[in-house]
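Student: here is a sequence with its predicted model. Questions after.
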Amino acid sequence: MVDRIESLRAEASAAISAAPDRAALEELRVRFLGRRSELTGILRGISELEPSERGPVGAAANAARTALEDELAARREALDAAEIERALEGEAIDVTLPGTPPVAPGHLHVLTRTRREIEDVFVGLGYRVLEGPEIEHDFYNFTALNHPPGHPARMLQDSFYIDSTTLPAGVLNERGLPPGPQDVLLRTHTSPMQVRAMEAQEPPIFIVVPGTVYRRDTIDATHLPMFNQVEGLAVGEGISLTDLAGTLDHAAKALFGPERRTRLKPDYFPFTEPSVQVDVSCFACDGSGRLANGERDPLCKGTGWIEILGAGMVDPNVFGFVGGEYDPETTQGFAFGMGIERIAMLKHGIPDLRLFFENDVRFLEQFS
Amino acid sequence: MRVPFGWLTEYCDPGLAPEELAELLSMRAVEVERVSRVGVPSTDGFEVGRVVSAEQHPNADRLRVCEVETSEGTRTIVCGAPNVAAGQAVAVALPGARMPDGQKLKRAKLRGVESNGMILSERELELGDDHAGIMVLDTDAAPGTPLADVLPITDSVLELDLNPNRVDCMGVYGVAREVHAITGAPLAPAPWELDAEPEGGGSVQDLASVTVEVPELCPRFTARAFTEITLGPSPTWLRARLLAAGMRPIFNAVDITNYVMLITAQPLHAFDLDRVPGGELIIRTAREGETMTTLDGIERTLDAETVLVCDRDGPAGIAGIMGGQRSEVSDATTSVLLEVANWDGVNVLRTSSLLGLRSDASSRNEKQLHPELTIRAQRLASRLFAELCGATVVPGTVDAAAEIPAPHRISLHGARLDSLLGVPIERAEASAGLGRLGFEVAEAGERDLEVTVPVERHYDVTREVDVIEEVGRLHGLDRLPRTLPAHPDRVGGLSREQLVRRRVEDVIRDLGFDQIVSWAFVDAGLADRLRLLGDDERRVAVATHNPISEEHARMRTTLLGGLLDAARHNLARDVARVALFESGPVYLRESAGDEGGPLTGRFAGRMPPPARERHRLAGLLVGGLAPPTWRGSAPAGDAAGFYSLKGALETLAAQLGVALALSPGAEPFLHPGRAASLAIDGRGAGWIGELHPLVSREWDLPGASAFELDLAPLSDAFGGGEERYRDLTSHPSVLQDLAVTVGEEVPAERVREAVAHGGGELLVDARIFDVYRGEQVGPGRKSLALRLEFRAADRTLTDAEVGEARERIRRELAEIGGSLRE
Ligand SMILES: [Zn+2]
């Protein structure tokens, strides 16, 4: 009897592993484990056997049943998996077609991106970001920045003046009078916020001021009547020209790469003394002035250096206009101003200023 | 300012190449923009020749065949000049020589005769304008002598880009002083050190007089007289220098005035003494509307602040800017009255900008020269008039001077010097450098200096800090170490408003919008094209009174115009759809109030800003937010993109945790039935809608939606990332759906509000997820499906509690004619 059970089990096992599909498997289940199957019959008939045979036969039959049930289940799973695989073969898609995101992401303007990069460099150095008005008093734009009326430096920046009849009622100039034709203008630089910020806060002060500025220039590849700057101001005990050099060296490396070098040259701004120009070593030719093919580098005009900003130690006269805690005899600090468009042009190889304001999506979508 | 290198190094020669000296000047003194060249590129192949014979060319009337003795013996040169003659010393270029334009001279056959070189005119060597004939040299030099030994045929020019404070470097000697200061090479004595020897009797006072009516505008007026002048061309060396410096030689008397100005920076003006009646000059301001004809032949109308140099017959020159035609020096002049005057720079600048008239004189006078320079120029000019014009220098100087300003004496404290520059500088170094710049220096105390400022720097160096700048630049700014400021207690960062703005820009970018930046000034006609009504505050713009054009005359009061322009620009270039946004200020005329910070136009500082600059975010959508893909295009029923745009705004608000409320609204530029007002915390925050078809048409757009959002209320409502934890998991919420039928005229938001009101505190969320119209609800009605979320913080809600809430909702809905579909 036990031998018969073993042979039944062997026969069933072979059939199960050869079953081609689920229907055949079900047939085998009925045949070998169904109510009318031989194995079921053996199990039913155990009570009729000799007492000495009941134990071994029962054990063998139960073991065979359990084993076959497991084999059936395993075979069923294998068949299911194969069936799914077969079905998937027909469901292949072209994975090389373009993706379809919920929306195609847009793009920040390269000026916004550059402005943020500059802001972040100085935030990292402990500067706060401040903003100021674009429609500004002549007092802040020129007078308090040590450009007295008639000063030749005023001619360097041809200004848009505001028709004072179009200003809100009640606006007064620094003399407490209604503004005249040259008392209010579109700021020509972000520097007026130096004075406003110092009026509002005692030293030490560490700020950067990004913003739009205006000069009465005719539009061409290198001139626009409207552009953007970032002003910087650091005033506090002992702040020196070497601090200016170090701060702007750090900023140049952060913006243009750690291998860049900077140099300072004498310059002139009415509201700084001493005044300097900061150059960064050229990143097109690595400061050699020559391109790899031996030609003169057009970016730096063969000098190996690129002018990036103007800076200087805050002129005592500016502190004088601020007054209060800012004693012109003892207060020290530096200021700088850089053009955002210029930095963006240098970083991204943009050749023409007009591209920034043309708003052509073929330009906008190159920068994300 | 063009500084010829040969001229400069005559005063101070450090033995450097022009490019090396240019670099050093840029790093230590004044910016040299570029080094250019005048004359020939190389002196090779140019020599002195002697014309042995000049015969008529056999085949050409206008040509001569010359035999010319040169370094390589006698050679044949064919020459077209009428003035060539045997015995002349001439300038010869041999084959192979490079001409000023870079061309190499070749042997050439001219009408059958081979020419082995060229006899040169002034113009061919860029030494003058004369090309009527060849240059006949006044020299004993042997044939074959290099031409460069007898003529300045080549030079480099340092082109300075001068800042307005360095008027001293608008004279070559001033630049030489800088070279001396930065290199230590010896500086030649000043060219004006020696005065001319006057001749004969009498005195200039017998010939001329000056009355200065406006001494505050004319601090000094000097005049000298020169008689028996022989007019003629200036010598070649002088003409070459003028040309290299960028001025055109005319004839000796005029050239002298320009030459002296180029050395001293002090402008001069020569009058024909015989054309100044009585030699009498009056310095006065013009009468309003008075006219005069300047040297350039243009009649100028003057105002009452213009200063004039007049004679008895009227204006003879605009002070410090340009002389008049009436008394200018001409080829008939035999006596010159030389004016060298000092003017108020501010006034000169004002007048020259007003007249749009700039000259070499005005560009110097406007930067305020020192009155002492007048005498320097008189001394040097007098010598040259005697030497070059054979003039008799009349004794004496007419000198009408207000008080000459006393030189500045400044204490330079060693401690302040070191502290401002950040590096210790030896007192000896500072002292030596300042001395070379012409400062008188005396030591004081242990570390300090007392310095006296030279006249040529009088208006530039007035304070200790100005002296520190001089010491610093001579030390070398590029040699300074790099340090960072102390003050470790400072904390950097963005303001809350700046963070909000960045966040808003990022979210709208991620939702598919491209950022534009448009002009802040707009066309005055924009208000009409946007159909803004007469009383709309956006019609009342702040305006500039000197715009570059009328199209840029008004400051924008809405960002919509720029977006429309940008959309049109792109659609005209075959772009099918655009999603654009701009983040920037509008400029409003309303008086500045007290609310808010920079986003509302409130800024730091004692004086409030003149106008209100509110920061806005605006977007424009043409042709759907998602681009059509191979899977299909934009959702149906949203052709103009209103709901896409609204969805974007809602996402934006949700990202900031701000509740943005929309209610039906109206804007003149929006579709009257498809416009909404935006509000945040009950404050107006802008608008959204489909563009009015007339506006779309005006910008050639096929239909578009737009919004403009004021960032100030958004920023105020923003939680600032300071949300507190709430327990939403211990007591789960109950979700139920609700179908409501209402009249078509009832806005969905009204339904939602009724549901929210009825649901009370237990209803934490109610959102519309479906709208159905059709037979089941009947004509004139619609069915809205809402998903409701009920929750209590302290317990799990019972069915009874939720049932009561539903009943209250049913009653609220009944009030607006709504009923529940069960
Ligand atoms: Zn380079």
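Tutor: Nice, thanks for sending it over.
Student: tell me which parts of the stretch 201-350 of chain A are close to the ion?
Tutor: A:282, A:284-285, A:297, A:299-300 (C-beta under 5 Å from the ion). Where C-beta positions appear, they are placed from N, C-alpha and C, glycine not excepted.
Student: so what's residue B:390 up against?
Tutor: Counting by C-beta atoms under 8 Å, 6 or more residues apart in numbering or on different chains, residue B:390 touches B:228-230.
Student: revised request: answer the last question for residue B:576.
Tutor: B:623, B:628.
Student: return a PyMOL selection command for the buried portion of the residues of the stretch 201-350 of chain A next to the ion.
Tutor: Here is the PyMOL command that selects only those of those that count as buried (16 or more other C-beta atoms under 10 Å in any protein chain shown):
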select buried, chain A and resi 282+284+285+297+300
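Student: what would the residues of the stretch 201-350 of chain A next to the ion look like in JSON lines with pLDDT and distance to residue A:138?
Tutor: Converted to JSON lines, those look like this (pLDDT from 0 to 100; distance: C-beta to C-beta, whole Å):
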{"residue": "A:282", "pLDDT": "92", "distance to residue A:138": "38"}
{"residue": "A:284", "pLDDT": "87", "distance to residue A:138": "40"}
{"residue": "A:285", "pLDDT": "90", "distance to residue A:138": "43"}
{"residue": "A:297", "pLDDT": "91", "distance to residue A:138": "42"}
{"residue": "A:299", "pLDDT": "88", "distance to residue A:138": "37"}
{"residue": "A:300", "pLDDT": "90", "distance to residue A:138": "37"}
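Student: just the ones of the residues of the stretch 201-350 of chain A next to the ion in strands?
Tutor: Among those, no residue falls in strands (DSSP state E).
Student: out of the residues of the stretch 201-350 of chain A next to the ion, which is nearest to residue B:269?
Tutor: The closest of these to residue B:269 turns out to be residue A:300 (C-beta to C-beta; 42.9 Å).
Student: for that closest one, which non-adjacent residue is closest in space?
Tutor: Closest residue to residue A:300 apart from its sequence neighbours, by C-beta to C-beta, 6 or more residues apart in numbering or on different chains: residue A:282 at 3.8 Å.
Student: that neighbour and residue B:799, how far apart?
Tutor: Separation of residue A:282 from residue B:799 (C-beta to C-beta, to the nearest Å) stands at 77 Å.
Student: which of the residues of the stretch 201-350 of chain A next to the ion lies closest to chain B?
Tutor: Chain B has its nearest neighbour among these in residue A:300, at 13.1 Å by C-beta to the nearest C-beta.
Student: what's near enough to touch the residue most central in space within chain B?
Tutor: For chain B, the residue nearest the mean C-alpha position is residue B:163 (13.0 Å; C-alpha atoms, centre = their mean). By C-beta under 8 Å, 6+ apart, the residues touching residue B:163 are A:267-268, B:30-31.
Student: how about CSV for these, with pLDDT added?
Tutor: Shown next, in CSV, are those (pLDDT from 0 to 100):
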residue, pLDDT
A:267, 95
A:268, 94
B:30, 95
B:31, 95
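Student: out of those residues, grab the one that's most surrounded.
Tutor: residue B:30 (25 neighbours; other C-beta atoms under 10 Å in any protein chain shown).
Student: taking the residues of the stretch 201-350 of chain A next to the ion one by one, which sit in helices?
Tutor: Members of these lying in helices (criterion: DSSP state H): none.
Student: low-confidence stretches in the stretch 1-150 of chain B?
Tutor: For the stretch 1-150 of chain B, no stretch is flagged by pLDDT under 70.
Student: host element of the closest residue to residue B:87 other than its chain neighbours?
Tutor: Leaving aside its chain neighbours, residue B:87 sits nearest to residue B:51 (6.4 Å; criterion: C-beta to C-beta, 6+ apart). If you go by DSSP states H and E, residue B:51 is part of strand B:46-56.
Student: list the helices and strands the next helix or strand after that strand packs on?
Tutor: Once the chain leaves strand B:46-56, the next helix or strand it forms, by DSSP H and E, is strand B:64-70. Other elements packing on strand B:64-70 under the criterion 3 or more C-beta pairs under 8 Å, 6 or more residues apart in numbering or on different chains; DSSP states H and E are strand B:46-56, strand B:73-79, strand B:89-93.
Student: just the strands in the stretch 251-368 of chain A please.
Tutor: In the stretch 251-368 of chain A, the strands defined using DSSP state E, counting those that start in this stretch lie at A:262-269, A:272-281, A:305-314, A:333-339.
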